[in-house]
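Engineer: Sequence and predicted structure, then a few things I'm wondering about:
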Amino acid sequence: MKTVDVIASAISNTFRSKTRTILTILAIFIGAFTLTITTGLGTGINQYIDETVAEIGADDVMTVTHAPAEDAGDGPQEYTADQVTQQAVGPEGEQSLQPITQADLDEIAAIDGVLSVEPVKQIDADYIQHADGARYRINVGSFVPGMQVQLGAGEQPDATSDALQVAIPVDYVAPLGFDDDAAAIGQEVILGLTDGNGEVQTVTATIVGVSEAGLGGAGASASPNTALTDALYEAQAIGTPAGQADQYGSATVRFDPDSTPEQVEALRASLADAGFESTTLDDTLGTFKTVIDGIVLVLNAFAIIALLAASFGIVNTLFMSVQERTREIGLMKAMGMGSGKVFGLFSSEATYIGLLGSVVGIGVGMLAGTAVGGALSSTLLADLPGLTLIAFDPLSILTIVVLVMGIAFVAGSLPAARAARLNPIDALRYE
Amino acid sequence: MATPILQVDELHKTYGRGATRFDALKGVNFEVREGESLAIVGKSGSGKSTLMHLLALLDRPSAGTVRVAGRDAGTLHGRELNRTRNRTFGFVFQQFFLTPGATVLENVILPLKIAGVGRAERKRRGLAALAQLELDDKARNKSSDLSGGQKQRVIIARALVNNPRVIFADEPTGNLDSATGAVVEDILFELNREQGITLIIVTHDEELAARCDRRIHMRDGLLVEERDELREEVAA
């Protein structure tokens, strides 16, 4: 028997006992449906994280600081006059570290694999003001080229432009006196800060974008472009003692975006040898993703349990089929059908049941997931713009189909093996 | 003289062991020549069905050999054994029922499907076999909608479709009334005469057995006599 005939026969046999097959498919449907929803949840949340990642930092960038002193331990650290307070990203909180100086920057730039190094210029802005309106307190974020803020309107600040550009948080649009997000674009704002002499300095910048609050937190502060950062830092440095302004808490190192993880690891090792500690985007996100992946894994485990229960349904259905068709199997074997093909016939039938169950389950799962996700993001989760709670990507959908078909095949192999073992004579005597 | 299509030598078949041991065949020797019709006659329990299963290579003997066209069937395994059965034999068994939900044509072409014949060729040969049995107008009907005689003719068409050299018939008229039974008998003997297909009929019906060229009688797992008065005719 040709393989195509085996499959065609299996498919037509599937619906010989309609009620039984439909009930089995229903059981698989529930498993596939659950798996679709839980996987969709994981995909949706991780997609959201990936989108908001761009506002935490760029892919080809790592943050470099001096490594903390070896004996720092948990106890109090000894004071040295020139240490800086570094706002570390991550759970460590604030740490006192040696500052990065121009000499350090030169040293880092010389390390193999470093494309460029830029000091992170920490800016403490006092207020933001539009025209003669009220002044509002604001934080100014450090915008690394390659970072993307989540935009409600306008464009990303242009890192290469000489113009002073800023993206303001959406919460500031109305207080600053703009009618809506679009009206704010192209308008000028004044940023005020205190210099080393205690005097107020102001810098005027043009609004190019309005940012939305994301998980990364960058959307809640003003995002300046490089030109504006330099202008603000310069204003802030007026009156500070010589040398003080050339000390930075940290620096950003840019590396080849096509680097393999091994190459990145090698770069980090060279940095460590030189006494610097580096943090990549993946380090920062790792915790987030690990938690979400863990939750999704547990949810998926429940779906797999449902599928395992359904697989016993397949075993049962096919055992009954084999029982009913004992004489037919005997007939086919007497006519020269090999045991392998008989096995193929029944296992294809099981796999086909799996395919039907998974396709129906995934179809309904995607409809339900999209509907529920849509309803939630406009009500309960309206504060997280851009979040699609349940999203689907083709690869994970395909994985579910293959997984369910695989489970169905394994379940079907038991009855199929029994059918394949049938002796034609015994099958013919069977009443 | 040509090699016999089937030849059995000291055939033994034993079921079970110890106290439940049962010797179904206790040393059977005979041969079947190509193109003859042979009746295996005996009461139930005489071993005639066991003998036919061994001849049709559906079962393996405990001792002795079955030769198909001179070749020891004991040396055939797996794929080769299946192919030999598929190409050489056609079966008209009472138990070889038709799949009820499938059409008459689908039932008839099952041996071709198993042989791996292509779709168009299957259909052509299936319809030809049905036409030979004057059932071509029923090709699209569900096999469960046919009468007993029609069903038996479909089974004969199925046995024929792969151009077998031997047709085994186990009580081919057992479930039919005498008029329908006579028609089915006529068809079988016609195939034997006109297409030269060797016919082996297992029956306890002496009248049917009498129509065959040769009869072998079985009792308690042994041949009791062999009537070969027609042997010369066949050989001629």
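Structural biologist: That came in fine, so what should we check first?

Engineer: any weak-confidence spans in chain B?
Structural biologist: B:1, B:95-96, B:225-236 (pLDDT under 70).

Engineer: Up against chain A, what does it have?
Structural biologist: Residues of chain B lying near chain A by C-beta under 8 Å from any C-beta of the partner chain: B:53, B:56, B:58-59, B:78-79, B:82-87, B:91, B:93, B:95-97, B:99, B:101, B:110-111, B:113-116. In this view, the C-beta of every residue, glycine as well, is placed from N, C-alpha and C.

Engineer: Now, the residues you listed that are in strands?
Structural biologist: Among the residues of chain B next to chain A, DSSP state E puts B:Phe91, B:Phe93 in strands.

Engineer: contacting residues for A:Met366?
Structural biologist: A:Thr36, A:Gly40, A:Phe392, A:Ile397 (C-beta atoms under 8 Å, 6 or more residues apart in numbering or on different chains).

Engineer: Repeat the analysis, applying 6 Å as the threshold.
Structural biologist: A:Phe392 (C-beta atoms under 6 Å, 6 or more residues apart in numbering or on different chains).

Engineer: what's the helix or strand for it?
Structural biologist: Taking DSSP states H and E as the definition, A:Met366 sits inside helix A:339-378.

Engineer: Drop anything exposed from the residues of chain B next to chain A.
Structural biologist: Buried subset of the residues of chain B next to chain A (neighbour count, 16 or more other C-beta atoms under 10 Å in any protein chain shown): B:53, B:56, B:58-59, B:82-86, B:91, B:93, B:95-96, B:99, B:110-111, B:113-115.

Engineer: all strands for chain B, in order.
Structural biologist: In chain B, the strands defined using DSSP E lie at B:6-15, B:22-32, B:37-42, B:63-68, B:71-72, B:89-93, B:166-170, B:198-203, B:214-219, B:222-227.

Engineer: Equivalent analysis for the stretch 201-350 of chain A, please.
Structural biologist: For the stretch 201-350 of chain A, the strands defined by DSSP state E, counting those that start in this stretch occupy A:223-224, A:251-254, A:276-280.

Engineer: Dump the ones you listed into JSON lines; add distance to chain B as well.
Structural biologist: Listed next are the strands of the stretch 201-350 of chain A as JSON lines, based on distance: least, C-beta to the nearest C-beta, whole Å:
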{"stretch": "strand A:223-224", "distance to chain B": "67"}
{"stretch": "strand A:251-254", "distance to chain B": "63"}
{"stretch": "strand A:276-280", "distance to chain B": "59"}
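
Engineer: Just say which of those is most tucked in.
Structural biologist: Ranked by mean neighbour count under mean count of other C-beta atoms under 10 Å in any protein chain shown, the strands of the stretch 201-350 of chain A are led by strand A:223-224, which reaches a mean of 27.

Engineer: rewinding a little: which parts of the helix holding A:Met366 are buried?
Structural biologist: Buried residues in helix A:339-378, counted by 16+ other C-beta under 10 Å: A:341-362, A:365-366, A:369-370, A:373, A:377.

Engineer: before we move on, what about stretch A:186-197?
Structural biologist: Buried residues in stretch A:186-197, counting neighbours by 16+ other C-beta under 10 Å, are found at A:Val189, A:Ile190, A:Leu191, A:Gly192, A:Leu193, A:Thr194.

Engineer: for the residue of chain B found nearest chain A, what are its contacts?
Structural biologist: Here chain B gets closest to chain A at one residue, B:Asn86, 2.9 Å apart by C-beta to the nearest C-beta. For B:Asn86, the contact set (C-beta under 6 Å, 6+ apart) comprises A:Met335, A:Gly336, B:Ile114, B:Ala115.

Engineer: Now the nearest residue to it once chain neighbours are set aside, what are its backbone angles?
Structural biologist: Spatially, and ignoring its direct neighbours in sequence, B:Asn86 is nearest to A:Gly336 (2.9 Å; C-beta to C-beta, 6 or more residues apart in numbering or on different chains). A:Gly336 adopts backbone torsions of phi 100, psi 20, taken as degrees, to the nearest 10.

Engineer: in the sheet, who's paired with A:Leu151?
Structural biologist: Taking DSSP bridges as the rule, A:Leu151 bridges to A:Ser211.

Engineer: Chain B versus that one, what's the distance?
Structural biologist: Separation of A:Leu151 from chain B (C-beta to the nearest C-beta, to the nearest Å) stands at 59 Å.

Engineer: For that residue, give its distance to A:Ser211.
Structural biologist: From A:Leu151 over to A:Ser211 the distance is 6 Å, taken as C-beta to C-beta, to the nearest Å.

Engineer: who has more neighbours, these two?
Structural biologist: Comparing A:Leu151 with A:Ser211 by other C-beta atoms under 10 Å in any protein chain shown, the one with more neighbours is A:Ser211, at 30 against 20.

Engineer: so how far is B:Glu194 from B:Asn162?
Structural biologist: 18 Å.

Engineer: Mind checking which of the two has more residues around it?
Structural biologist: Set B:Asn162 next to B:Glu194 and count neighbours by other C-beta under 10 Å: B:Asn162 wins out with 22 against 8.

Engineer: How about the more buried one, nearest residue that isn't a chain neighbour?
Structural biologist: Excluding the flanking residues, the one nearest B:Asn162 by C-beta to C-beta, 6+ apart is B:Pro111, at 4.5 Å.

Engineer: ok, now which ones touch the one you found?
Structural biologist: Neighbour list for B:Pro111: A:Met335, B:Val161, B:Asn162 [criterion: C-beta under 6 Å, 6+ apart].

Engineer: Now the second one. Nearest residue, chain neighbours left out?
Structural biologist: Spatial nearest neighbour of B:Val161, chain neighbours left out: B:Ala129 (4.3 Å); criterion: C-beta to C-beta, 6+ apart.
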